[in-house]
Each structure stands twice: as C-alpha cells, then as structure tokens.
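S.K.: Return atomic coordinates for the entry below.
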Amino acid sequence: MDDPVEVALRRKRDSSMRVAIQQVKVVDGVSAADACVSAGNTGALMAVARYLLKTLDGIDRPAIASGLPNRSDGVTTVLDLGANVDCSAEHLLQFAVMGSALVSAVAGKEQPTVGLLNIGEEAIKGSEVIKQAGELLRAAHDRQLIHFHGNVEGNDIFLGTTDIVVCDGFVGNVALKTAEGLASMISGFIRQEFSRNWASKAAALVAMPVLKRFKGHVDHRRHNGAALLGLRGLVFKSHGSADVYAFERALERAYDAARNRLLERVHARITSALPGPAAASDAAGPESRQAA
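M.R.: Next up is the predicted model:
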C-alpha cells in the first residue's frame with residue numbers, strides 16, 4: 001500500500017493486482033475474466049489498469065465513479081472521485097458521457113440527469129474551466145447526447161437533485177470522504193445515546209427503527225465499489241478497509257456491470273457523443289458472459 005506508483009507499475013510485474021487486471025485484458029478477442037475488483041492502492045490500481053488495458057478511443061483519462069447516498073433513498077453517481085486532480089473542460093464532458101453510460105446500464109435510466117458541481121447554480125459562476133465545461137455540457141444536451149440539468153452545489157449530491165454529478169478528482173474525493181465521515185458520526189451518535197441516562201436510552205429505543213434505517217442508508221459499506229471508467233476492461237476499486245459485507249457489495253457492482261454490458265454501453269456513448277473517437281472493433285471487448 002505504501003509503494004510509489006512507479007514501483008508497483010515497473011518492478012512488481014507478478015503482484016496480485018497486476019495478475020488480476022491481466023485477466024481482464026482482451027487478447028485475440030477473448031479475456032479470462034469479465035471484471036476485476038481490488039482493494040489495493042488506488043494510484044497503483046489506476047496506473048497498472050491504464051497501462052495494461054489502455055483507454056477507450058476518445059477518452060483522455062479514466063475516472064473513478066461511485067454512488068453516494070441521497071435523500072431520495074437512492075444514490076447520486078459522482079465522478080471523478082480521485083483519479084484526476086486537475087481536469088480540463090473536455091475531461092469533464094467525457095466524465096459526463098461515461099457517467100451517463102454507467103447509470104443507464106446499472107440503474108436502467110436511459111437519460112439520467114447530469115449536474116456540474118459548482119459554487120452556485122448560475123452559469124456565470126465558477127472557474128474558467130467550469131464555465132467552459134458548462135458550455136460543452138449544454139451543447140451536448142442540445143444534441144441530445146446527455147441530459148444536462150445545469151450547475152449544482154455540494155448539497156445537491158445528497159439531495160438527489162441529479163442522477164450524476166461531475167467534478168474534478170480533488171473535489172470528488174473530498175465529497176466522498178465527507179460522506180464516509182457522516183456515516184461514522186451517525187454510528188457513533190447512536191452508540192453514545194445508548195450509553196447516557198435512562199431517559200436518553202428510552203428515547204433512543206423509540207427512535208431506533210428510524211435511526212437504523214437511516215444508518216443503513218448512509219452506511220458507506222453499502223455503496224462500496226467504484227468503477228474505473230474509460231478503460232478497455234471493467235475494473236472496480238473497493239475501499240481498502242472494506243469488511244466482508246463491503247467487499248461483497250463491490251463484487252456485486254462488478255457483476256452487475258458485466259451482466260449489463262457496461263463496457264459496450266460506454267463505448268457506444270463515447271462514439272456517438274465525443275468528437276474524434278475512432279470505432280475500434282475490439283474496444284468493447286468480448287460479450288459479457290452470464291454467470292450460471
């Protein structure tokens with residue numbers, strides 16, 4: 001976990017992470033596995049996956065995408081969550097296209113709504129990169145390539161204002177860690193209330209069904225498993241501290257992605273939405289196999 005990325009990439013050619021990713025690589029139209037799930041170092045996973053699998057035509061940088069719980073008892077898919085600290089407007093457009101393909105494949109929403117994370121809803125707000133990204137996203141919306149809602153703020157992630165929120169990796173990672181911290185705080189609060197006097201314990205017991213449902217909804221373990229979108233293979237990142245339940249959820253997400261042919265959907269959206277990507281016959285890989 002403490003190895004520099006270059007060590008993991010160049011010196012550890014037989015590491016379990018590299019061997020697992022290699023199983024997803026398409027050789028002569030065939031791959032040994034449909035998806036890879038790893039709880040290892042995020043930087044190493046991204047570097048090795050990008051080196052072995054390469055990016056899809058039309059994608060400059062892969063992005064990490066995962067769902068954060070929202071008030072609508074669902075999830076808001078946020079990307080990027082840490083792969084790219086500095087992003088251009090074009091990168092944010094690519095993230096919107098890939099995120100739309102992910103939600104469409106896994107959640108069954110053909111036209112999921114996309115929000116651009118900003119310091120305000122007005123189009124005149126934000127950095128120059130954000131303003132340019134807004135223009136690109138509005139143009140893509142006009143061409144009916146994505147369903148762009150407009151600018152959203154941080155609280156909109158948890159309100160469920162849009163199905164997808166696009167941002168750079170620095171901001172996205174902060175949002176992810178904030179959500180995880182909130183879940184831990186709630187768990188600690190519930191335990192603390194039960195350790196107080198009898199009146200607090202009685203009140204906590206009455207409210208327990210509601211508290212337990214809320215705790216389960218915001219539990220970050222339930223939403224474990226982030227997709228590395230933009231690669232020529234399905235790779236999912238599990239939290240490094242994942243327990244059995246959390247890792248099971250990551251496996252389920254990878255399985256659902258393969259079953260719903262996420263890679264082919266991403267490639268199809270990129271080909272139609274982004275300028276210049278050449279259609280590569282092997283970009284989407286072999287047809288996903290159904291589990292028995």
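S.K.: Let me see the ranges of the strands in the chain.
M.R.: Listed in chain order, the strands of the chain (DSSP state E) span 35-38, 63-69, 75-79, 113-117, 147-152, 164-166, 226-229, 234-237.
S.K.: Pull the fourth one out as PDB, backbone CA atoms only.
M.R.: This file holds the C-alpha atoms of strand 113-117, laid out as PDB (Å, rounded to 0.1, in the frame of the first residue of the first chain):
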ATOM      1  CA  THR A 113     -29.700  13.800 -15.500                       C
ATOM      2  CA  VAL A 114     -26.200  15.300 -15.200                       C
ATOM      3  CA  GLY A 115     -25.100  18.100 -12.900                       C
ATOM      4  CA  LEU A 116     -21.900  20.100 -13.000                       C
ATOM      5  CA  LEU A 117     -20.600  20.700  -9.400                       C
END
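S.K.: between it and strand 147-152, how many degrees?
M.R.: Interaxial angle, strand 113-117 versus strand 147-152 (axes from the mean of the first three to the mean of the last three C-alpha atoms, to 10 degrees): 30 degrees.
S.K.: Okay, now the sheet partners of strand 113-117, with direction.
M.R.: Here strand 113-117 is paired, per DSSP bridges, with strand 147-152 (parallel), strand 164-166 (parallel).
S.K.: ok, now the third one?
M.R.: Strand 75-79 pairs in its sheet with strand 63-69 (antiparallel), strand 164-166 (parallel), by DSSP bridges.
S.K.: Can you give me every residue that contacts residue 64?
M.R.: Neighbouring residues of residue 64 by C-beta atoms under 8 Å, 6 or more residues apart in numbering: 42, 46, 79-83, 169, 172, 226-229, 237. Bear in mind the C-beta positions are built from the backbone N, C-alpha and C, glycine included.
S.K.: among the strands of the chain, which is the most enclosed?
M.R.: strand 164-166 (a mean of 30; mean count of other C-beta atoms under 10 Å).
S.K.: in the protein, what residue sits furthest out from the centroid?
M.R.: Residue distances from the centre of the chain (C-alpha atoms, centre = their mean) peak at residue 198, which lies 43.2 Å from the mean C-alpha position.
S.K.: Dump the contacts of residue 64 into TSV; add pLDDT and distance to residue 136 as well.
M.R.: What follows is those, written out as TSV (pLDDT from 0 to 100; distance: C-beta to C-beta, whole Å):
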residue	pLDDT	distance to residue 136
42	90	27
46	93	24
79	96	16
80	95	16
81	94	21
82	91	22
83	90	20
169	94	18
172	93	18
226	95	24
227	95	22
228	96	23
229	95	18
237	96	27
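S.K.: Wait, residue 33 touches residue 23, no?
M.R.: Yes. Assessed by C-beta atoms under 8 Å, residue 33 is found in contact with residue 23 at 4.0 Å.
S.K.: Give me the more crowded residue out of these two.
M.R.: With neighbours defined as other C-beta atoms under 10 Å, residue 33 and residue 23 compare such that residue 33 has more, 17 against 13.
S.K.: measure the more buried one to residue 170 for me?
M.R.: Per C-beta to C-beta, to the nearest Å, residue 33 is found 32 Å from residue 170.
S.K.: same thing with residue 74?
M.R.: Applying C-beta to C-beta to residue 74 and residue 170 gives a distance of 25 Å.
S.K.: For residue 180, list the residues it contacts.
M.R.: Applying C-beta under 8 Å, 6+ apart to residue 180 gives the contacts residue 220.
S.K.: Could you give the number of residues near residue 28?
M.R.: Residues near residue 28, counting by other C-beta under 10 Å, number 6.
S.K.: For stretch 122-134, give me every contacting residue.
M.R.: 87-89, 92-93, 116, 118-120, 150-151, 166.
S.K.: Could you identify the most distant pair in those?
M.R.: Using C-beta to C-beta, these reach their maximum pairwise distance at 88 and 120, which is 21.1 Å.
S.K.: neighbour-wise, which of these two wins?
M.R.: Taking neighbours as other C-beta under 10 Å, residue 88 and residue 120 compare with residue 88 leading, 16 against 11.
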